[in-house]
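*Asks:* need the 3D shape of this:
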Amino acid sequence: MPTTARLIAAIVLALLAYLVSDQVIADMPEETDPGYFFHVNVVLGLLTGWIYMGQRVGNGLVPALNNGLTGMAVMVLWALFVQGAWEMFDRAMRNRYGGPFDALLAIFTLSIEFFFQIATPAVLVPLVIGGCLAGLLAEYAHKRWS
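*Replies:* Have a look, this model is predicted:
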């Protein structure tokens, strides 16, 4: 059921995904083509905020912070998985893998490599602050308009 808390959580996580994606692209080499990097991450932020965070509001301040941090972590895990799968598919089209099992294993290997690329304070601090903010704003919206 559509609620204001779901909408606020989705918008804030999408905005957080865009800002963090911009920071990640800034940390990559100049010749890196972002492609659909922003679009995919923003859609994942929207979906995570709407589906995951939006239904877990209304329990108070500390659960709101936990909801925001957990929602942010879910968004990042999905983003790592989707970006890893996209990169694996791109490499598979250039015949880089010996078989399907190698390609499937590469998704997780690439996701872990991407995690270590973004595991910097310049990326993690905005994620934590934005996750807390998303949880608090969704909780406020629930209290205000429900």
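*Asks:* pull the longest helix from the protein.
*Replies:* In the chain, taking DSSP state H as the definition, the longest helix is helix 61-92.
*Asks:* run the chain-centre distance for that helix.
*Replies:* When distances are taken as Cα atoms, centre = their mean, to the nearest Å, helix 61-92 is centred 4 Å away from the chain's centroid.
*Asks:* could you identify the helix or strand that succeeds it?
*Replies:* Toward the C-terminus, helix 61-92 is succeeded by helix 100-118 as the next helix or strand (DSSP states H and E).
*Asks:* buried residues in that following helix?
*Replies:* 103, 106-107, 110-111, 114, 118 (16 or more other Cβ atoms under 10 Å). Just so you know, the C-beta spots here come from the backbone N, C-alpha and C atoms, and that holds for glycine as well.
*Asks:* what would those look like in TSV with pLDDT and distance to Leu127?
*Replies:* Listed next are these as TSV, based on pLDDT from 0 to 100; distance: Cβ to Cβ, whole Å:
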residue	pLDDT	distance to Leu127
Ala103	93	29
Ala106	96	25
Ile107	96	22
Leu110	96	20
Ser111	96	16
Phe114	94	14
Ile118	93	9
